[in-house]
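Novice: turn this into a structure:
(2 chains)
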Amino acid sequence: MYTLVNRLIANMETIIREGTPKTPYVRLDGENGLVEIKGRSIPENSVEFYKPIIDWLEKFGEEPAAETGVNIQLEYFNTSSSKCILDIFKRLELIHKKGNKVEINWYYEEDDEDMFEAGEDYQSIINVPFKMIEMEE
Amino acid sequence: MGFELKNWYTEKKQGEVVLEYNGSITSDLISEALDSIEKSLNLKNEKNRVRKKVYNVFVECLQNLYHHVDLPPVTAPVEQESNFGIIILSKDGTFYRISTGNFVKKEKLSYIKDRIDQVNSLSDEEVRMLYRDILSNEEFSDKGGGGLGMLDIVRKTGNKLEYYFYEFDDEYIFFSLDVYIS
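Specialist: Here you go, the predicted model:
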């Protein structure tokens, strides 16, 4: 079992998914400790969309990079995505709890109060360094 | 006098209609409708903040229909399609109005009414707190929102939900919901 897990980690693939009108661009790069989600997230079935990402993070969490940078730059998202995004953060929180460096960067456009407040929601729920970054339009 | 769908339409189409649809609410339809309102000049000329709010709330309203609507009653003056719903986005003066309409069985009335009344009774701060509470504590169904949809709409628009139930026949009511964004 141990060797199997090791092999999985060694072969941890980088996942890149291009954005679509309903789903965001996603980049999961284990080697460089990079998690990026950009664009909009409004699929009807968010659980289905996010499951491979959650699975990847679970595997990554078994032997994470020394530092993990997380960039979330969403235009907007639906309520069914909101829970999945929280699930991602909970996975990252576990990695952080084990003593690994994790930082979440939450990007929002300067006049976008909704995306700012959404960032605040997550910041209040999870215990990971969480930076709010304002972008000029 | 019984419920007249025509009159309902006339009322909801006051102002400039950006998008109007009635029929089956499918995943593809939601993509097409969003694509279509993104091309609307009215919205293109709006501030970023308003434009995104309209897109976001519009999608939430449509997905609410997508997850919850049923077959219309056989006697309704509409096509017999599963997932039947109506959505109208209009710009009326200084605000945007999103109106949805769908037929529901009478037994669902009190559930929907209680849900909306509860959300409407909350202050902005209470809405925010309840949203966070549900987000962090409740298991979501595969369908999605776990009750966050209505709450999210009220939070983003800062306005109460306006709803009406029209008696259609012994079995069905027509549920009408208006959301205002300014």
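Novice: where do the strands of chain B begin and end?
Specialist: Secondary structure of chain B (DSSP state E): strands at B:16-24, B:84-92, B:95-105, B:162-167, B:172-181.
Novice: export those strands to CSV and append columns for distance to B:G149.
Specialist: C-betas here are computed from N, CA, C, even on glycine. Output for those, formatted as CSV (distance: least, C-beta to C-beta, whole Å):
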stretch, distance to B:G149
strand B:16-24, 19
strand B:84-92, 14
strand B:95-105, 12
strand B:162-167, 14
strand B:172-181, 11
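Novice: between these, which one is closest to chain A.
Specialist: strand B:172-181 (11.3 Å; C-beta to the nearest C-beta).
Novice: adding distance to A:M12 and mean pLDDT, write the strands of chain B out as JSON lines.
Specialist: Shown next, in JSON lines, are the strands of chain B (distance: least, C-beta to C-beta, whole Å; pLDDT from 0 to 100):
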{"stretch": "strand B:16-24", "distance to A:M12": "42", "mean pLDDT": "94"}
{"stretch": "strand B:84-92", "distance to A:M12": "44", "mean pLDDT": "94"}
{"stretch": "strand B:95-105", "distance to A:M12": "44", "mean pLDDT": "95"}
{"stretch": "strand B:162-167", "distance to A:M12": "50", "mean pLDDT": "96"}
{"stretch": "strand B:172-181", "distance to A:M12": "44", "mean pLDDT": "96"}
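Novice: which among those strands is found nearest to B:D35?
Specialist: strand B:16-24 (10.3 Å; C-beta to C-beta).
Novice: buried residues, that closest one. List them.
Specialist: Neighbour counts over strand B:16-24 (16 or more other C-beta atoms under 10 Å in any protein chain shown) mark B:18-19, B:21-22 as buried.
Novice: what do you get for stretch A:95-109?
Specialist: A:95-96, A:100, A:102-109.
Novice: farthest-apart pair in the residues you listed, please.
Specialist: Spatial extent of the buried residues of stretch A:95-109 (C-beta to C-beta) is set by the pair A:N100 and A:E109 at 30.4 Å.
Novice: strands of chain A, start to end?
Specialist: For chain A, the strands defined by DSSP E cover A:15-17, A:25-29, A:34-41, A:67-77, A:101-109, A:130-135.
Novice: compare the ones you listed and give me the one nearest B:F174.
Specialist: strand A:67-77 (30.0 Å).
Novice: report whether the closest one contacts chain B.
Specialist: Yes. Using C-beta under 8 Å from any C-beta of the partner chain, strand A:67-77 reaches chain B at A:75-76.
Novice: so what touches that strand?
Specialist: Here strand A:67-77 makes contact (C-beta atoms under 8 Å, 6 or more residues apart in numbering or on different chains) with A:24, A:33-42, A:85, A:92, A:95, A:100-107, A:114-115, A:118, A:135, B:52, B:55-56.
Novice: recalculate using a threshold of 7 Å.
Specialist: The contact list for strand A:67-77, computed with C-beta atoms under 7 Å, 6 or more residues apart in numbering or on different chains, reads A:24, A:33-42, A:85, A:92, A:95, A:100-107, A:115, B:52, B:55-56.
Novice: and the buried residues of stretch A:95-109 as TSV, adding pLDDT?
Specialist: Supplementary listing: these in TSV, determined by pLDDT from 0 to 100:
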residue	pLDDT
A:I95	96
A:H96	97
A:N100	96
A:V102	97
A:E103	98
A:I104	98
A:N105	98
A:W106	98
A:Y107	98
A:Y108	97
A:E109	94
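Novice: cool, thanks, signing off.
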